[in-house]
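A.B. asks: coords below, sequence missing:
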């Protein structure tokens, strides 16, 4: 009844963010699903594939830093349009990777430099453009969530839009192999990549800043801004005065809250990307699966993660309703969530039973990751003013991207090393152990850096 009185247009915005994130992960996952076949076609080693995926993660990391700052300056609406335009073009570029690689190799040769193999160079360029655009998704989405939702609802809203990653990851194995089988891998990149342009039309129609949104009632606007009004009264500063003040990256790096978020992302983002990029190759190497065999197992696995994303976003409200601050409730929830990925330690020892054992156990682990992700993102909007949220998310995103580069390169090297010894299963055991324990390490450092809830009021 109260929800009807307040209004619910903010959930329309949440739905738009959900679909943007779905498209984001659809575009991101096409390569990993085609990787076993492309590796055979182009003769890629595990290290070659790691280099291609690391190119995405490295550019994504650097772009996240600038994306957050850029979004805070130009606003969420324009930034999201630009981001999805760039990443859609980047996704389509994969279809022309060989031509791009040939051009790049010719340039290297003319400069007297060693040419990178054509296929590798072309896909690295395409991944770089994809990463440049995709870096804008989460800073924009988190900023939009901070603009449209009060603090008590933000982790739930974040969990909902973040579950778009899971839907994208589910839809990808259901569609990519079929499109590739019918029209070839080039057509797959073009068709999937073009979907983003449809979303832009809806975003342009339905999104405006809350204070400019004609579809938003005055009651709902007041409900959204209640937290910020309260925080301003505590600090004896007005929202208008805060909005006028400018800040720098170096100023943000002076807060422990920034470092806590960045370290948490550094330790855990790479885990999600490792499973996203390497699971198809793992199933192919360990169980002899072909591209079309991935459809059902991966659909089941990523369907599980949707439960974690939405459930994890709701979980802190249990503690908040008992009187905890949003941050303290979130940290309690994240501690419990951090224990769940330890089940991934059992994936290899019991994987001989059936491929479903690692699929289910990794599904539980990745479900926990999405629950963790819904909460760690929201710690930023809990403690920083809205105008700086995207910038802080960008800093953390860069840290997460660099963590992803590290774990991807490590995985490629370990798999090639142990694969040459005929012990590839040992390589996966090592990587799974790193992924399983990362969250407890991350939480411990985050809690040490920011032991108690403290709102930043001097930006």
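C.D. replies: Received the coordinates, thanks. None of these values were measured; they are calculated from a predicted model. Numbering: from 1, shown residues only.

A.B. asks: show me where pLDDT drops low in the protein?
C.D. replies: Along the chain, the parts satisfying pLDDT under 70 run over 1-4, 108, 110-115, 227-245, 459.

A.B. asks: Please report the residue range of the longest helix in it.
C.D. replies: Using DSSP state H, we find that the single longest helix of the chain is helix 386-420.

A.B. asks: by contact count, what packs against that helix?
C.D. replies: Helices and strands touching helix 386-420, as assessed by 3 or more C-beta pairs under 8 Å, 6 or more residues apart in numbering; DSSP states H and E, comprise helix 46-74, helix 137-148, helix 249-252, helix 256-287, helix 356-383, helix 424-449. Placement of C-beta: from N, CA and C, glycine included.

A.B. asks: what packs against the second one?
C.D. replies: I take that to be helix 137-148. Where contact means 3+ C-beta pairs under 8 Å, 6+ apart, helix 137-148 is packed against helix 10-42, helix 46-74, helix 76-93, helix 151-183, helix 356-383, helix 386-420.

A.B. asks: Apply 6 Å and report the result again.
C.D. replies: For helix 137-148, the packing partners by 3 or more C-beta pairs under 6 Å, 6 or more residues apart in numbering; DSSP states H and E come out as helix 10-42, helix 46-74, helix 76-93, helix 151-183, helix 386-420.

A.B. asks: list the buried ones in the second one?
C.D. replies: Buried positions in helix 46-74, judged by neighbour count with 16 or more other C-beta atoms under 10 Å: 46-72.

A.B. asks: re earlier: now do the longest helix of the chain against helix 46-74, angle only.
C.D. replies: Orientation note: helix 386-420 sits at an angle of 180 degrees relative to helix 46-74 (axes from the mean of the first three to the mean of the last three C-alpha atoms, to 10 degrees).

A.B. asks: buried ones in helix 386-420?
C.D. replies: 386-405, 407-412, 414-416, 418-419.

A.B. asks: how close does the closest residue in space to residue 36 that isn't next to it in sequence sit to residue 372?
C.D. replies: Spatial nearest neighbour of residue 36, excluding adjacent residues (C-beta to C-beta, 6 or more residues apart in numbering): residue 284 at 4.3 Å. From residue 284 over to residue 372 the distance is 28 Å, taken as C-beta to C-beta, to the nearest Å.

A.B. asks: higher neighbour count, those two?
C.D. replies: More crowded of residue 284 and residue 372, by other C-beta atoms under 10 Å: residue 372, with 27 against 19.

A.B. asks: Nearest spatial neighbour of the more buried one, chain-adjacent residues omitted?
C.D. replies: Nearest to residue 372 is residue 337, by C-beta to C-beta, 6+ apart, at 5.1 Å.

A.B. asks: again, but for residue 93
C.D. replies: residue 126 (4.2 Å).

A.B. asks: hang on, the earlier thing: do you know how far the residue nearest to residue 36 is from residue 177?
C.D. replies: Taking C-beta to C-beta, one finds residue 284 at 12 Å from residue 177.

A.B. asks: Repeat that for residue 362.
C.D. replies: From residue 362 over to residue 177 (counting by C-beta to C-beta), the distance is 20 Å.

A.B. asks: Between the two, tell me which one has more neighbours.
C.D. replies: residue 362 (24 against 21).

A.B. asks: Contact partners for that one?
C.D. replies: Contacts for residue 362 were tallied using C-beta atoms under 6 Å, 6 or more residues apart in numbering; they are 344, 347.

A.B. asks: Apply 10 Å and report the result again.
C.D. replies: Contacts for residue 362 were tallied using C-beta atoms under 10 Å, 6 or more residues apart in numbering; they are 275, 279, 282, 297, 301, 304-305, 341, 343-344, 347, 432, 435-436.

A.B. asks: How about residue 441?
C.D. replies: With C-beta under 10 Å, 6+ apart, residue 441 has these contacts: 263-264, 267-268, 338, 434.

A.B. asks: okay if I get these as CSV plus neighbour count and distance to residue 425?
C.D. replies: Listed next are the contacts of residue 441 as CSV, based on neighbours: other C-beta atoms under 10 Å; distance: C-beta to C-beta, whole Å:
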residue, neighbour count, distance to residue 425
263, 21, 31
264, 29, 30
267, 24, 25
268, 25, 24
338, 22, 26
434, 18, 15
